[in-house]
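>>> Okay, here's the prediction I keep looking at, along with the sequence it came from:
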Number of protein chains: 2
Amino acid sequence: MSTGSTPEATKRKRLSAAARREVIAAAATEVFAERGYHGASIEEIARRSGVTPPVVYDHFASKQDLYRSLLETHFADLREVWRINFPGPDPAGERVERSFDAWFAYVEEHPFAGRMLFRDTTGDPEIAAMHAEVAAESRAGVMPLAAAELGVLNLADSATVDTLSMFWEVLRGVLQGLAMWWSERPDIPREQVVAVAMNTLWIGLERVQQGEAWSPGVRPET
Amino acid sequence: MSTGSTPEATKRKRLSAAARREVIAAAATEVFAERGYHGASIEEIARRSGVTPPVVYDHFASKQDLYRSLLETHFADLREVWRINFPGPDPAGERVERSFDAWFAYVEEHPFAGRMLFRDTTGDPEIAAMHAEVAAESRAGVMPLAAAELGVLNLADSATVDTLSMFWEVLRGVLQGLAMWWSERPDIPREQVVAVAMNTLWIGLERVQQGEAWSPGVRPET
DNA sequence: GAACTAACCTAGTGGAGACTAGGAAACTAC
DNA sequence: GTAGTTTCCTAGTCTCCACTAGGTTAGTTC
C-alpha cells in the first residue's frame, strides 16, 4: 500500500483520476505525518506521488482541503474500529480488550495515518480548529459507548460529566502515547502493548466502577 | 508575569539586556505554544515583546536557538518538580499523589510552557530530534525514581525494560493529555484532575505491582 | 489515423518570513 | 554638556512555498 520514496528513475505512468487521487492521498498522509501541516510541502507530496505540484491541485482545492480530507478519512476509520468491536454481549473487559487490540492493529497497519492524527496539533489556528473539530466527532461517536459501561457513576451530575471527559482524555492519551511509542519499536508484539493498556487503563476504571477510588483525591471541594 | 498582547499604543521602554531577554523568552513561549515551531514567526514574537525582529537576534542566534533554549529551561523545571516531590519516606501512593499535584500545579502556573512542551512535535526533523533529545533527558531523570517502586518486576529481563518504557509512555500520555484538556477548562479544580490521574494510573500500577495483572493479555505468543 | 478528452507539465507570480547591515536614539560617566 | 556604550530601529535581501495560466502529450473513440 505504501508509496514509498520512488527512486526517481521510475517511468512516469498515467493513472486514472481516482487512482492518482489515492496515490496523492497516501503520499500526503506520509508527509503530513513526518513533517506536520506546516512542514509538509506540496512539492514533496507531489514528488512522492510521482507527479508535479499542479496535479495535486487537480484533485484537491488547496493544501487545507487536502489535509481536511485526510483527517476525516482516517478519523472515520478509527471510529469504525470502535463501532465494530466495542458493542456486544460479552463481559466489558473482553470487549475493551478486543477494541484495544483492533485499535492497535489499525495503527499498526496504517502507521502514517496514526502519526498524522496524533502528532500534529500545531500550525495556524485554522488547522488546529479543524483538527479539534474532527477529533470531537470521534469523541462524540465513541464516548457514549464507554459511558454506558460506567453506569455506576451518576450521569446527571455535571461534575461527573467533567470526570467522564477526563477519563476520555486519559484513554486518548494512553492509546495515542502508546501508539506513537510503539511505532518506533516495531519488534514489540501487539499483545504486549494491549496488555499494558489494559493493565493501566482498564483495571483502574474497573476499580473506580466498583467504588474503590483512590480516597485522598475524592474530597468534593476543599 | 505574562507579557500579554500589549495594545499597540504602549510607550516603548528601554530595558537591560537581561530583562529584554526574559521578555522575549516569555513571549516566544506563548507564540510557540499557540502556533508550534513552524507557525511561530519571529515578527510576532518580537511584537509581543514590544520590540522589532532584529532585537530578537541580539539575544538569540536563530529561531532554532531560541526554541532550544526554551525547551531546555522548561523541561528542566518539570524535572525539578519530580526530583523535589517524589523521593521520600512516605508511602508510594502519597508520594505519587504529591508529585502529580505539584506537576499539575506547575502547568497551571505556566500554561504556555506546558503547551509548548506537549503540543509541538512537528516541523522539520531537526526540531523533532531536538525535542526528542530534551524529552529523553527528562525521561532519564524521572524514570529511575519510578522504577525503584516497581521492584517486584524483574529489572534484568529485557521484556520488562520494554514494559517499563511503556508504563512511562502511559504516564506521560495521561499527564500531558490531562494537562492539555485542563488548560482549556480553568474552572476545574486541580484536585479533581489529580484524582483522575491517580484513579487511572496509580491504581492500575499498584495492582500490577501486586501481581494482579489483567490475565487474558499476558499470553506470551498467540 | 483523425478528433477528442483527460492527465500531466513548464514556467511563473506573489507573499511570507528568517535573517542582516548599518544607522539612530537613549542611557551612563565624566 | 560631551563621549562612549548599549539598546533598538529602518530598510532591505533572499529563500521557500502555495498556487495558477496555459500548453503538451498520452490514451480513447470512431
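Thanks, I have the structure now.

>>> Chain A against DNA strand C: which residues are in contact?
Residues of chain A lying close to DNA strand C (C-beta under 7 Å from any atom of the strand) are A:12-17, A:20, A:51-55, A:58. (Each C-beta comes from the backbone N, C-alpha and C, glycine too.)

>>> repeat that with 6 Å
Counting by C-beta under 6 Å from any atom of the strand, the positions of chain A adjacent to DNA strand C are A:12, A:14-17, A:20, A:51-52, A:54-55, A:58.

>>> Now, the residues you listed that are in helices?
Among those, the members found in helices (DSSP state H) are A:17, A:20, A:54-55, A:58.

>>> Closest one to B:Ser69 out of those residues, please.
Of all these, B:Ser69 sits closest to A:Pro54, with 40.8 Å by C-beta to C-beta.

>>> Give me the buried subset of the ones in helices among the residues of chain A next to DNA strand C.
For these, a neighbour count by 16 or more other C-beta atoms under 10 Å in any protein chain shown gives the buried set as A:20, A:55.

>>> and chain A, which of its residues are near DNA strand D?
Taking C-beta under 6 Å from any atom of the strand as the test, the list of chain A residues beside DNA strand D reads A:14, A:41-43, A:53-54, A:57, A:62-63.

>>> Give me the buried entries from these.
Buried subset of those (neighbour count, 16+ other C-beta under 10 Å): A:42, A:63.

>>> Would you mind putting the residues of chain A next to DNA strand D into CSV with distance to A:Arg185 and pLDDT alongside?
Listed next are the residues of chain A next to DNA strand D as CSV, based on distance: C-beta to C-beta, whole Å; pLDDT from 0 to 100:
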residue, distance to A:Arg185, pLDDT
A:Arg14, 40, 87
A:Ser41, 29, 95
A:Ile42, 32, 97
A:Glu43, 32, 97
A:Pro53, 35, 97
A:Pro54, 39, 97
A:Tyr57, 38, 98
A:Ser62, 36, 96
A:Lys63, 32, 96
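
>>> would you turn the residues of chain A next to DNA strand D into TSV with distance to B:Phe32?
Formatted as TSV, the residues of chain A next to DNA strand D follow (distance: C-beta to C-beta, whole Å):
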residue	distance to B:Phe32
A:Arg14	44
A:Ser41	21
A:Ile42	25
A:Glu43	26
A:Pro53	29
A:Pro54	34
A:Tyr57	31
A:Ser62	26
A:Lys63	22
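
>>> what two of the ones in helices among the residues of chain A next to DNA strand C are the furthest from one another?
For these, the farthest-apart pair by C-beta to C-beta is A:Ala17 and A:Pro54; their separation is 14.1 Å.

>>> which stretches of chain A form helices?
Under DSSP H, chain A gives helices at A:17-39, A:42-48, A:53-59, A:63-85, A:92-109, A:111-119, A:125-149, A:158-182, A:190-197, A:203-209.

>>> ok, and for the first one, which residues are buried?
For helix A:17-39, burial by neighbour count (16+ other C-beta under 10 Å) applies to A:20-39.

>>> The fifth one now?
Of the residues in helix A:92-109, A:92-93, A:95-104, A:106-107 count as buried by neighbour count, 16+ other C-beta under 10 Å.
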